[in-house]
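1. My questions concern the predicted model and sequence given below.
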Amino acid sequence: MLSCAGLMLRSFQQLVRTGVGFETSRLLTVDVSLPEKRYANGESLSRFYRAASSASRRARRGGRGGRGQPAAALVSSANFWIAGRPDPPIDNLPIADIARVTPGYFGLIGLPLHSGRHFTAHDLTESEKEKDFATIVNQTFARQFFPRENPLGKRLLTADRKHAGTSWAWSRITGR
């Protein structure tokens, strides 16, 4: 039992040394659970995060806070379709984790893009209107779904948007 505990401790130390892929020593994270009924769409979520960011900036200017730029990420997962490709069988749809982030998020955590561009305030405004919006994918996603092509400019559609009964809002890959 003692040797198992030692091995587990050593594995944990290795995991901590490996890191998450970006600088975390100067970050403070806060988990916020918002009521789904009140914050059911991109516009209401965006309004909440804009108000929280504004309050944080005001507090810092008033001397009640530290330095830094607030950023937000809302994480979920969804099935998706890739524009221009045949629809896969409904029981075999690809799924991906989705992190809806505010402009400046990647710069704040020090995560560089390999190609393309970061999100802008204009992207946030478009997502609030439930219009087509910008998407940044990671290298694993790009290798898996676009193995021999550049994913920039490709369009994705999540299941919730495809079955919403309204005009579909595609997301265009603008960075990776």
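-> Thanks, I have it.

2. Select the longest helix from this structure.
-> When the chain is parsed with DSSP state H, its longest helix is helix 42-61.

3. Which secondary structure element is home to residue 8?
-> Assigned by DSSP states H and E, residue 8 belongs to helix 2-18.

4. Please read off the pLDDT at residue 173 from the model.
-> Here, the pLDDT recorded for residue 173 equals 92.

5. er, residue 131 actually
-> Looking at residue 131, its pLDDT is 66.

6. got the buried residues for the longest strand anywhere in the chain?
-> Looking across the chain with DSSP state E, the single longest strand is strand 73-82. For strand 73-82, a neighbour-count test (16 or more other Cβ atoms under 10 Å) marks 74, 78, 79, 80, 81, 82 as buried. C-betas here are computed from N, CA, C, even on glycine.

7. quick revisit: so which bits of the longest helix of the chain are buried?
-> Residues 42, 45, 46, 48, 49, 53, 56 are the ones in helix 42-61 that count as buried (16+ other Cβ under 10 Å).

8. Repeat that for stretch 136-145.
-> Of the residues in stretch 136-145, 136, 137, 138, 141, 142, 145 count as buried by neighbour count, 16+ other Cβ under 10 Å.

9. Quick check: next helix or strand after the worst-scoring helix or strand of the chain on mean pLDDT?
-> When each helix and strand of the chain is scored by mean pLDDT, DSSP states H and E, helix 159-162 comes last, with a mean of 57. Next along the chain after helix 159-162, taking DSSP H and E as the criterion, comes strand 171-175.
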